[in-house]
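Chemist: this one's sequence-less:
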């Protein structure tokens, strides 16, 4: 079965080593030709306290490719990443807790803007740019916002204003 296999002085894995080196050279060449960071895209899914699944996207590839981000270059600029973020409602303390991963930035370069219905996160530091708009699942008190940044992880806490009432009118079924 292996009679035709030729053993070399370097061992039987010499051909594998050559192919891996070729792949590394091709990848390095591609990275230098683009002149940019690698493309990143991901999503997370979790079940909210209301029992409804929520899907959140992150990365530097935009879904629609049309949205202009305020303060950053146009829609095709892949240098701006949308960081991974997770939102949790703490019913006991009546708080909204948001955790955002933004490695490689200084806390002085992070801008947060909170409104009753959304939170805008923007950072530009050391050549890394991040931008994300998070729609709050329930209205919050913007003046109650507190934030901590440590080891690339931003933690934001907002007090809940109250549960969002269902929109529209209840229809009675006969």
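Modeler: Sure thing, it's come through. These numbers come from a predicted model, not from an experiment.

Chemist: not counting sequence-adjacent ones, nearest residue to residue 159?
Modeler: Leaving aside its chain neighbours, residue 159 sits nearest to residue 144 (3.8 Å; criterion: Cβ to Cβ, 6 or more residues apart in numbering). Using the backbone N, CA and C atoms, a C-beta is placed for each residue, glycine as well.

Chemist: same for the particular helix or strand that has that neighbour in it, what does it pack against?
Modeler: Following DSSP states H and E, one finds residue 144 within strand 140-150. Packing contacts for strand 140-150, counted by 3 or more Cβ pairs under 8 Å, 6 or more residues apart in numbering; DSSP states H and E, involve strand 110-114, strand 153-160.

Chemist: mind doing that once more with 10 Å?
Modeler: Strand 140-150 sits against strand 95-101, strand 110-114, strand 118-125, strand 153-160, with contacts defined as 3 or more Cβ pairs under 10 Å, 6 or more residues apart in numbering; DSSP states H and E.

Chemist: I'd like the average pLDDT over it.
Modeler: Regarding strand 140-150, the rounded mean pLDDT is 92.

Chemist: the residue nearest to residue 159: neighbouring residues, count only.
Modeler: 14 (other Cβ atoms under 10 Å).

Chemist: now do residue 16
Modeler: For residue 16, the neighbour count with other Cβ under 10 Å is 10.

Chemist: ramachandran angles for it?
Modeler: phi -60, psi -40 (degrees, to the nearest 10).

Chemist: over to the one 3 residues further on?
Modeler: Its backbone dihedrals place residue 19 at phi -70, psi -40, with angles given as degrees, to the nearest 10.

Chemist: what sits closest to residue 103 if chain neighbours are left out?
Modeler: Nearest to residue 103 is residue 152, by Cβ to Cβ, 6+ apart, at 3.5 Å.

Chemist: just checking, residue 43 touches residue 84?
Modeler: Yes - because the distance of 9.2 Å satisfies Cβ atoms under 10 Å, residue 43 is recorded as touching residue 84.

Chemist: now list whatever residues contact both of these two.
Modeler: 56, 57, 58, 59 (Cβ atoms under 10 Å, 6 or more residues apart in numbering).

Chemist: which stretches of this structure have low pLDDT?
Modeler: 1-12, 32-40, 48-49, 60-78, 162-167 (pLDDT under 70).

Chemist: quick one: the helices in it?
Modeler: Using DSSP state H, the helices of the chain run over 14-34.

Chemist: between residue 43 and residue 84, which is the more surrounded one?
Modeler: The residue with more neighbours, out of residue 43 and residue 84, is residue 84; 19 against 11, by other Cβ under 10 Å.

Chemist: ok, the residue nearest to residue 159 to residue 56 distance?
Modeler: Plainly put, residue 144 is 23 Å away from residue 56 if you go by Cβ to Cβ, to the nearest Å.

Chemist: brilliant, that's me finished.
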